[in-house]
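Novice: Here's my sequence, what's the structure:
(chains A and B)
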There are 2 protein chains.
Amino acid sequence: MDLDVFFAGTAGSDPTARRGMPAVLVRRGGDRLLFDCGEGTQRQLVRSTGLPELDDVFVTHFHADHWLGLPGMLKTFDLRDREKPLTVHGPPGLRDLLGAMRAVYGRLSYELRIEEVRPGDEVRRDGYTVAAVGVEHRIPALGFVLWEDERPGEFDPETAERLGVRPGPDFGRLQHGESVDGVAPEQVLGPARAGRKLLVSGDTAPSEAVRVAAHGADLLVHEATFLEEEAERAAETGHTTAAQAASIARDAGVRMLALVHTSTRYAGRQIREEARTIFERTIVPRDFDSIEIPFPERGEPRLVRSEEEPVAS
Amino acid sequence: MDLDVFFAGTAGSDPTARRGMPAVLVRRGGDRLLFDCGEGTQRQLVRSTGLPELDDVFVTHFHADHWLGLPGMLKTFDLRDREKPLTVHGPPGLRDLLGAMRAVYGRLSYELRIEEVRPGDEVRRDGYTVAAVGVEHRIPALGFVLWEDERPGEFDPETAERLGVRPGPDFGRLQHGESVDGVAPEQVLGPARAGRKLLVSGDTAPSEAVRVAAHGADLLVHEATFLEEEAERAAETGHTTAAQAASIARDAGVRMLALVHTSTRYAGRQIREEARTIFERTIVPRDFDSIEIPFPERGEPRLVRSEEEPVAS
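Specialist: Numbers count the residues shown, from 1 in each chain, chains lettered A, B, ... in the order given. Modelled structure (predicted):
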């Protein structure tokens, strides 16, 4: 089951030539989940992956740079005669916000489901769960953690054969939890293995809830609006410095840290260098980069650079 | 006085990899006027010309693809501590629309002036006028025509010298309409010359008002959502075909026709070829192309291609 995170927009509150407004696309198997949807996100996707048939959109909070691309995207799905329902999840107030935006998107060809979620609320999907984490910003704000269900333990083919099971389809049945000719799966499978986990912080000051929820995650996508030299301003505005985000990644023991929502005043290199003094496996993705997250036994999360610069200038 | 038209977004109702949502920037001397502001326009400008200190924004109508970039842009100006007032002009209802969007842009560092305009209304600026033209769409919609004030006639230096004026600063005074040593400007200047004129149609079915207002224009920027093979659909939806736009350009005797708002189903080449069978001086600009409009005695309007492809793919 493939799992990756595609960075559709990595800017902070205003766009730059190289960075679009916040949007992170998580692709797991055939599922497509979008976390935040800043202005222009639909075009960023059209320019890169193609606009996917999203299943769920998660809005972290209601500062406009994090959701203003949603009404236009809802409208575009309608123009394309989408039929599959779309669920938008976000903090309380989401229903009023999208109601006020109905002037933009009008009547839709598909069902729009609006789910107001509070910290701790969980959304179950086939094979994984997305849960809301209460973070610390100037207005109510959520991070979202996605964790996969446990996977069956490692299969032991030698034991299976010794118990009289023939290699072939029966091996598959055992691995999927079925008994075969009196042999129970637990006789030939090791202990269940944890699924993968990733967390998207949204905008937040350093948050204990994020540190806890990110424990052992394969990937932490965290905001790093400022450098440590502006720690005071970060605190005033409810944001995090690169060094603070790196400390959280280190304390949570994540496998990789991706920093986004960087202020236009810094180069990505500065953000990365500050964070790496604390947490080496830090990257600052560019727009259209992605991070592949293999199962742990198959290797570390891996940055896949966009083939080309996402901008002409 | 330089005058050009920069195409920040040339798509129709939904964006493509190559074409952003509708937005046309007119640059005259130091003035910057934006006509329509689809989602993502601020980023298109950041990626190309840089986000200019706009003086006026003209909204043709309230279909979302023509204004949804405005709230985010207003907010970005605020983040940049803009102080100069900004005037937004559009059909009646503009005040309510921008009022409903205040949730997005909040309190601004500058004065936002909202001007509801009706067909025939004129906005006077230093050296030119912008007037609203009532066009034919599914909802009330405006085109906008910009015309420059008349220029003084051609200066005749030989006559001036014969009348005793010495070459130098006095020549300049005469050309700017001042009398010098009893010599009146009209003695040494030819008949007043027309200023330049351009028209932006917005979304419209073929419109008699556009044909009249565009008479003799240097540039007509017209929508061409469809090809003639879909003339019926164009009529149903209040749009124009490439051939129809070309007929208007021919009948109005414009110097150049630029077609925008093309449906994603057509290549620009198809639109151009259909129009050129009727009006040869037709172009279909790409995003970030511009058209320079010199004074007529200095040459024809000229397409300036963007140096690079505006998209990576």
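Novice: which residues touch the residue nearest to A:Leu98 when sequence neighbours are not counted?
Specialist: Spatial nearest neighbour of A:Leu98, excluding adjacent residues (C-beta to C-beta, 6 or more residues apart in numbering or on different chains): A:Ile114 at 5.8 Å. Placement of C-beta: from N, CA and C, glycine included. Listed by C-beta atoms under 8 Å, 6 or more residues apart in numbering or on different chains, the contact set of A:Ile114 reads A:Thr87, A:Val88, A:Leu94, A:Arg95, A:Leu98.
Novice: which residues does A:Ile114 bridge with?
Specialist: Counting by DSSP bridges, A:Ile114 is bridged to A:Val88.
Novice: before we move on, the earlier item: so which two of the contacts of A:Ile114 are the farthest from each other?
Specialist: The two members of the contacts of A:Ile114 with the most space between them (C-beta to C-beta) are A:Thr87 and A:Arg95, at 12.6 Å.
Novice: more neighbours, these two?
Specialist: Set A:Thr87 next to A:Arg95 and count neighbours by other C-beta atoms under 10 Å in any protein chain shown: A:Thr87 wins out with 16 against 13.
Novice: Would you map the helices across the stretch 151-300 of chain A?
Specialist: A:157-162, A:169-175, A:185-188, A:208-213, A:231-237, A:242-252, A:268-276 (DSSP state H, counting those that start in this stretch).
Novice: Compare those and give me the one nearest chain B.
Specialist: Comparison of the helices of the stretch 151-300 of chain A against chain B by C-beta to the nearest C-beta identifies helix A:231-237 as nearest, at 11.8 Å.
Novice: tell me the mean pLDDT over the closest one?
Specialist: Mean pLDDT, helix A:231-237: 97.
Novice: in that helix, what's buried?
Specialist: Residues of helix A:231-237 classed as buried: A:Ala231, A:Ala234 (neighbour count, 16 or more other C-beta atoms under 10 Å in any protein chain shown).
Novice: and that helix with chain B, contact?
Specialist: No: using C-beta under 8 Å from any C-beta of the partner chain, helix A:231-237 stays clear of chain B, coming no nearer than 11.8 Å.
Novice: Restrict that helix to CA atoms and write it as CSV.
Specialist: Below are the C-alpha coordinates for helix A:231-237, written out as CSV (Å, rounded to 0.1, in the frame of the first residue of the first chain):
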residue,chain,number,x,y,z
ALA,A,231,11.1,33.7,18.7
GLU,A,232,9.3,36.5,20.4
ARG,A,233,7.3,37.4,17.3
ALA,A,234,6.5,33.7,16.8
ALA,A,235,5.1,33.6,20.3
GLU,A,236,3.0,36.7,19.8
THR,A,237,1.5,35.4,16.6
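Novice: list the helices and strands that helix packs on?
Specialist: If you count contacts as 3 or more C-beta pairs under 8 Å, 6 or more residues apart in numbering or on different chains; DSSP states H and E, helix A:231-237 packs onto no helix or strand.
Novice: can you do 10 Å?
Specialist: helix A:242-252 (3 or more C-beta pairs under 10 Å, 6 or more residues apart in numbering or on different chains; DSSP states H and E).
Novice: gap between the helix or strand hosting A:Asp78 and the chain center?
Specialist: Here A:Asp78 sits within helix A:70-79, counting by DSSP states H and E. The chain centre lies 22 Å from the centre of helix A:70-79; the measure is C-alpha atoms, centre = their mean, to the nearest Å.
Novice: That helix and chain B, are they touching?
Specialist: Yes: judged by C-beta under 10 Å from any C-beta of the partner chain, helix A:70-79 and chain B are in contact via A:Pro71, A:Gly72, A:Met73, A:Leu74, A:Lys75, A:Thr76, A:Phe77, A:Asp78, A:Leu79.
Novice: per-residue pLDDT, the residue nearest to A:Leu98?
Specialist: For A:Ile114, the model assigns a pLDDT of 97.
Novice: Check A:Gly268 too.
Specialist: Predicted confidence (pLDDT) for A:Gly268: 91.
Novice: Next, the contact list for it, please.
Specialist: A:Thr10, A:Arg18, A:Arg19, A:Ala224, A:Leu259, A:Val260, A:Thr262, A:Ile283, A:Val284, A:Pro285, A:Arg286 (C-beta atoms under 10 Å, 6 or more residues apart in numbering or on different chains).
Novice: And the fourth one, how far from A:Ile278?
Specialist: For A:Ala224, the distance to A:Ile278 (C-beta to C-beta, to the nearest Å) stands at 12 Å.
Novice: One more: the third one?
Specialist: Remark: distance between A:Arg19 and A:Ile278 (C-beta to C-beta) = 23 Å.
Novice: Those two - which one has more neighbours?
Specialist: A:Arg19 (26 against 19).
Novice: that older thread, what packs against the helix holding A:Asp78?
Specialist: Secondary elements touching helix A:70-79 (3+ C-beta pairs under 10 Å, 6+ apart): helix A:41-47, strand A:56-58, strand A:86-90, helix A:94-100, helix A:102-105, strand A:112-116.
Novice: residue in the stretch 1-150 of chain A nearest to chain B?
Specialist: A:Gly40 (3.5 Å).
Novice: how deep is that residue tucked in, by neighbour count?
Specialist: Neighbours of A:Gly40 (other C-beta under 10 Å): 33.
Novice: Check whether it really touches B:Pro15, as I assumed.
Specialist: Yes: using C-beta atoms under 10 Å, A:Gly40 makes contact with B:Pro15 at a distance of 8.4 Å.
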